[in-house]
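Trainee: Sharing a model prediction with you, sequence too.
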Amino acid sequence: MKILLFLFLCSVLSYSSAINVTQCHDIDKPVEGLTDRVKVGSCKKPPCRLRKNTVIKVQMKVTPDRDVDKILNTIHAYIAGVPFPYPGNDQTDACKNMYSEDGKNFVGCPLKKGQDYLYKNDMEVLQIYPRVKAVVHWGLTMPDGKDIICFEVPARITN
């Protein structure tokens, strides 16, 4: 019995530490199953290690709750509680990153309410970035300022 309990606890812990993304605080309607919808490179447990001179692939399964004509990337890192925008990606057009649900076909915008899409983007971790702990904030934001989906994940920039 103790062995079964131990195995069960190990499986629960390994499952729950899949990536440990959290909802952004300012999102109106929480996204169900957010952890299952987001992939940040090969990160399996926090903090995600972001190695300098690498490219991290970020994917999100997106299901808008209304028709969307335009969306922006909202990407920054909180370092010591201060938000630093991600250069070259923050406040850029996210429509260029929208694909069919299987990720094979580029679809762009507009997005239809209730339809599943796959957002794919690359995050370059430059050599000049300092070795720090941060919380990465990644959202897809409509022109009215509301997020379609948004997550935050602890990260550490490493050599």
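Mentor: Perfect, I can see it now. All values reported here derive from a predicted model rather than from experimental measurement.

Trainee: The nearest residue to T22 once chain neighbours are set aside and D69: what is the separation?
Mentor: Of all residues not flanking T22 in the chain, E152 sits nearest, at 5.3 Å (Cβ to Cβ, 6 or more residues apart in numbering). The way it works is simple: take the backbone N, C-alpha and C, and place the C-beta from them, glycine included. Remark: distance between E152 and D69 (Cβ to Cβ, to the nearest Å) = 26 Å.

Trainee: Comparing these two, which residue is more hemmed in?
Mentor: Taking other Cβ atoms under 10 Å, E152 and D69 do not tie; E152 has more neighbours (18 against 10).

Trainee: Buried ones in the lengthiest strand in the chain, by neighbour count?
Mentor: For the chain, the longest strand by residue count, based on DSSP state E, is strand 147-158. Judged by neighbour count (16 or more other Cβ atoms under 10 Å), strand 147-158 contains these buried residues: 147-155, 157.

Trainee: got a pLDDT number for I71?
Mentor: Confidence at I71, expressed as pLDDT, is 96.

Trainee: How about it, nearest residue that isn't a chain neighbour?
Mentor: Per Cβ to Cβ, 6+ apart, closest to I71 is A94, 4.4 Å.

Trainee: circling back to that earlier point, and which of the buried residues of strand 147-158 is nearest P87?
Mentor: Nearest to P87 among the buried residues of strand 147-158: I157, at 14.0 Å, using Cβ to Cβ.
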